[in-house]
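>>> 3D model of this:
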Amino acid sequence: MSDVKRITKKIRKFRDERDWMQFHTHKDMAISLALEAAEVLEHFQWKSPQEIKKYAKEHKNHVGEELADVGMYLFELADNLGIDLTKAMDKKLEINAKKYPIEKAKGKHTKYNKL
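You can find the predicted model right below:
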């Protein structure tokens with residue numbers, strides 16, 4: 001069993017033991033995913049690159065917890081929608097590789113339609 005499938009199974013078990021599926025609509029899961037991602041942003045808001053480097057090192061566990069929240073909502077939403085996240089990511093990487101060929105995109109942050 002892959003790590004993604006293993007953790008998704010644990011997330012589903014945690015949810016189901018609490019009878020929370022009734023609250024986990026696609027809309028509410030997507031909103032929760034965005035809200036948790038915003039909580040990650042809060043850690044870095046208003047900080048300089050030097051402050052961020054120090055902060056990230058000193059608060060690694062707490063930032064990790066916020067990232068875990070994002071991941072859990074992401075994995076559960078994908079599971080609820082019947083999306084194999086690993087396959088979706090593989091496919092998206094293939095699409096991105098075509099949009100951002102190495103010879104045009106290497107070392108640049110330019111959007112694909114302006115390369």
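>>> how about Ala56: what's its closest non-neighbour residue?
Nearest residue to Ala56 in three dimensions, chain neighbours excluded: Val63, at 6.4 Å (CB to CB, 6 or more residues apart in numbering). Yep, even glycine has a C-beta here, placed from its N, CA and C like the rest.
>>> which outside residues touch the helix or strand containing the one you found?
Element membership for Val63 (DSSP states H and E) is helix 60-80. Applying CB atoms under 8 Å, 6 or more residues apart in numbering, the contact partners of helix 60-80 are 4, 7-8, 11-12, 15, 24, 26, 29-30, 32-33, 36-37, 39-40, 43, 56, 84-85, 88.
>>> would you mark the buried spots in it?
Buried residues in helix 60-80, defined by neighbour count with 16 or more other CB atoms under 10 Å: 63, 66, 69-70, 72-79.
>>> dump those residues into a markdown table; add distance to Lys108 and pLDDT as well.
Below are those laid out as a markdown table (distance: CB to CB, whole Å; pLDDT from 0 to 100):
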| residue | distance to Lys108 | pLDDT |
| --- | --- | --- |
| Val63 | 28 | 97 |
| Glu66 | 30 | 97 |
| Asp69 | 32 | 98 |
| Val70 | 27 | 98 |
| Met72 | 33 | 98 |
| Tyr73 | 32 | 98 |
| Leu74 | 28 | 98 |
| Phe75 | 32 | 98 |
| Glu76 | 35 | 98 |
| Leu77 | 32 | 98 |
| Ala78 | 30 | 98 |
| Asp79 | 35 | 97 |
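>>> closest to Trp20 out of these?
Glu76 (9.8 Å; CB to CB).
>>> any idea how far that closest one is from His26?
10 Å (CB to CB, to the nearest Å).
>>> ok, now Pro101?
The value you get for Pro101 to His26, if CB to CB is used, is 34 Å.
>>> just name the shakiest helix or strand of this structure by mean pLDDT.
Least confident element among the helices and strands of the chain, by mean pLDDT, DSSP states H and E: helix 102-105 (a mean of 94).
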